[in-house]
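In: sequence first, then the predicted structure:
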Amino acid sequence: MARTARRHRTGPTGSIPRRTLLLGSAVAAMGAAAATGCSRVASGNALDRLRSQGTVRLGIAGEVPYGYVDAQGEFTGEAPELAKVVFKRLGIGRIQPVATDFASLIPGLNSQQFDVVSAGMYINKERCEQVIFSDPEYQMLDSFIVRKGNPKNLRSYEDVVRTGARVATGSGYAQIDHAVAAGYPEKDIVILQDQVAGLNAVESGRVDAFVTTALTTREVVKKSTKAEATAPFAAVVDGKKKIDGGGFAFRPTDTELRDAFNAEIHTMKKSGELFRILRPFGFTEAEMTTLTAEELCR
C-alpha cells in the first residue's frame, strides 16, 4: 500500500463497477496525453505556479476509498476530497484528476504527468528516497479478503506462510514487502489490477486471500455474499509491529508547496475538520494519527 477524491455526497458503498475502471483508464489516457503535450519541465516555486495556473493535477490510482472515479463518472475519494479543501485554501480553485496504475504514481509525479499524488499512499523509507511527503492524514493496519468463514484461518502474514495459502495484492502495494518480511516468497505473490479483481479472485477460489489496507477490505466486501474481511492486524517488519500512515506525495523540489499543504493539514487535525472529511469514507477515530512523515521515512 498499499499503497495509496470523493463526491460531496455519501461515502463508499462497496466494490467499483468495471465501467468505473474503464473510465479511470480513459482519464489516465487523457492525463498522459496532456503530459506529453506539455513536456517542458516545470520551474520556479510550485505553489506560485499552481496559483497562477489555477489548477492542480492530482494523481490517483482507482482504489476505494482513497482516490477513484465512481460509477457516475465523478472524481472522488478521501484524498481527493481533502485535496479540494486544502488547495482551495491555498488559492488553487480547480482540481484535475489523472488516473493511473498505483505503481506508476511516483514515476508519473516525477515525470510531470501530475503535480501531486493524492491516493492515500503509504509513507515509507523507499518512497521517501524518491518524493517528499506531507504528514499523514491517517494511520492504517492491514487486512485480508477471504472466503466466508475464513476456511484457512488467516489472520496474519505468518498464517499465510504457515499454511502455504495463495495470496494476492496490488501492483506496488506496501503489502508486498509486508508479506516478504514474514517469509512469503515474493515470486509466489499474485499481483492483480486492484481490490475489485482481488475480491473476484477470492470469491472464485483462484486465491485464498487478497491483502490490502483494513479500510479497503471492509469497504470492498460490504456487498459480497461469498467473502469477508479479517480483523485488522499489524505486519511485523524487522521484528517490530508496523503501523503505516498515508499522505500526499510531492516532487522533491516542491518543498514550499508541501510545507504550505502541511500547515493546512495540521490546522485541520487540531480543529477536527480532517476527521469530518474522512469519516464518510469509512475512517474511524482510531485511524486518525499524530505520526509525522519524518518518523515514517526512517
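Out: That came in fine, so what should we check first?
In: helices and strands of this protein: which one bottoms out on pLDDT?
Out: helix 18-37 (a mean of 40; mean pLDDT, DSSP states H and E).
In: chain center to stretch 56-70, what's the gap?
Out: 8 Å (Cα atoms, centre = their mean, to the nearest Å).
In: helices or strands up against the strand or helix carrying residue 262?
Out: Taking DSSP states H and E as the criterion, residue 262 maps to helix 255-271. Where contact means 3 or more Cβ pairs under 8 Å, 6 or more residues apart in numbering; DSSP states H and E, helix 255-271 is packed against helix 46-53, helix 78-89, strand 132-133, strand 244-250, helix 273-278. All C-beta atoms are positioned from the backbone trio N, CA, C, and that covers glycine.
In: so which bits of that helix are buried?
Out: Residues 257-258, 260-262, 264-265, 268-269 are the ones in helix 255-271 that count as buried (16 or more other Cβ atoms under 10 Å).
In: restrict it to CA atoms and write it as PDB.
Out: This file holds the C-alpha atoms of helix 255-271, laid out as PDB (Å, rounded to 0.1, in the frame of the first residue of the first chain):
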ATOM      1  CA  THR A 255       9.100  21.900  -0.600                       C
ATOM      2  CA  GLU A 256       7.200  25.200  -0.400                       C
ATOM      3  CA  LEU A 257       4.100  23.500  -1.800                       C
ATOM      4  CA  ARG A 258       4.500  20.600   0.600                       C
ATOM      5  CA  ASP A 259       5.000  22.900   3.600                       C
ATOM      6  CA  ALA A 260       2.000  25.000   2.800                       C
ATOM      7  CA  PHE A 261      -0.100  21.900   2.400                       C
ATOM      8  CA  ASN A 262       1.200  20.500   5.700                       C
ATOM      9  CA  ALA A 263       0.300  23.700   7.600                       C
ATOM     10  CA  GLU A 264      -3.300  23.300   6.400                       C
ATOM     11  CA  ILE A 265      -3.400  19.600   7.400                       C
ATOM     12  CA  HIS A 266      -2.100  20.400  10.900                       C
ATOM     13  CA  THR A 267      -4.800  23.100  11.400                       C
ATOM     14  CA  MET A 268      -7.500  20.700  10.200                       C
ATOM     15  CA  LYS A 269      -6.300  18.000  12.600                       C
ATOM     16  CA  LYS A 270      -6.500  20.300  15.600                       C
ATOM     17  CA  SER A 271     -10.000  21.500  14.700                       C
END
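In: that one to helix 46-53, inter-axis angle?
Out: 90 degrees (axes from the mean of the first three to the mean of the last three Cα atoms, to 10 degrees).
In: what mean pLDDT does stretch 211-224 have?
Out: For stretch 211-224, mean pLDDT is 94.
In: picking that back up, pick the most deeply packed of the helices and strands packed on helix 255-271.
Out: Highest mean neighbour count of those: strand 244-250, a mean of 27 (counted as mean count of other Cβ atoms under 10 Å).
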